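Student: build me a model from this:
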Amino acid sequence: MIRHHFEFRETIATILAEEDEHVTVACEALLAARQEVERECMRSPEFRTSLVPCCAELPGVVTEKMVSAAEHAGVGPMAAVAGAIAEAGVKAIMDAGGTYGVIDNGGDIALFSDRKITIGIHAGESAMSDRFAFTVPPSKEIIGICTSSATVGPSISFGVADAVIVYADNPALADAWATAICNEIRTDDQSLIKRLDESHIFGVMAVIGDWVYRWGKLPPITNARVERKKITRGGLDTVIDSHL
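Tutor: All right, here's what the predicted structure looks like:
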């Protein structure tokens, strides 16, 4: 298994693949996706700064996914950027004939796999942090496991959660909803999660200190020892580790 570090400006990701060719096409796709986003931000500064849904002036594949996800979750399009870019890289691996591909874009993960994958949970100083992991079943289709945090990483957050993890079949949508839920959830208020539609979002886990809330269908959780050195550092939401 190849583990490759990718870095281009704010996009800092870990690529897991089986072939050098698959790493190459993933890197090319990540770079192209990032450049597409940057071009849109130059055309429309609002696209970069808006905290509410807005349209792209000249939407491409990646920015259109961001706009759609943001509209669904009620956040700005950049809330979906890491998941959308990660999906672009993983799709390139799939299109190149791969049967396994994982991209962890600073805590926002897109993957498909012919085997089980263990994804460790990092939630800042919470007791849950680095002690538990999801066991994600094989999936021929791309899925997203994305995380937002008010206490870890540099992303803008109006919440208090150490980690909000969203599991869905759309990485951009998982990313956008992780941000939206993290902004609003409190130990005495889970109303936003309870309004979710399971046809779009599979499951949610929220961690605030020692308090944990689960909704929907999540992958099985097992005891684990997360190796912090494998956590993708410097990304938009550096809160989850993907490893074998």
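Student: ok, what's across the strand from the residue nearest the centre of the chain?
Tutor: For the chain, the residue nearest the mean C-alpha position is D108 (2.0 Å; CA atoms, centre = their mean). Per DSSP bridges, the residues bridged to D108 are N105, C146.
Student: pretty sure it is in contact with E87, am I right?
Tutor: No: between D108 and E87 there is no contact, the gap being 9.3 Å when judged by CB atoms under 8 Å. Quick note: C-beta positions are derived from backbone N, CA and C, even for glycine.
Student: mutual contacts of the two, please.
Tutor: Common contact partners of D108 and E87 (CB atoms under 8 Å, 6 or more residues apart in numbering): G144, P171.
Student: show me the helices in the protein, by range?
Tutor: Here the chain has its helices, by DSSP state H, at 20-43, 45-49, 61-73, 81-95, 171-184, 191-194.
Student: the fourth one versus helix 171-184: what angle between them?
Tutor: Okay, so that is helix 81-95. 160 degrees (axes from the mean of the first three to the mean of the last three CA atoms, to 10 degrees).
Student: per-residue pLDDT, the closest residue to I181 other than its chain neighbours?
Tutor: Nearest non-adjacent residue to I181, counting by CB to CB, 6 or more residues apart in numbering: V164, 4.8 Å away. pLDDT for V164: 95.
Student: I figured V164 hits G203, correct?
Tutor: No: using CB under 8 Å as the test, V164 is too far from G203 to be in contact (11.5 Å).
Student: out of the two, which sits in the more crowded spot?
Tutor: Under the neighbour definition other CB atoms under 10 Å, V164 and G203 were set side by side, and V164 has more, 31 against 19.
Student: give me the beta-bridge partners of that one?
Tutor: Note on V164: beta-bridge partners S148, A206, judged by DSSP bridges.
Student: how near is it to S157?
Tutor: According to CB to CB, to the nearest Å, V164 and S157 sit 9 Å apart.
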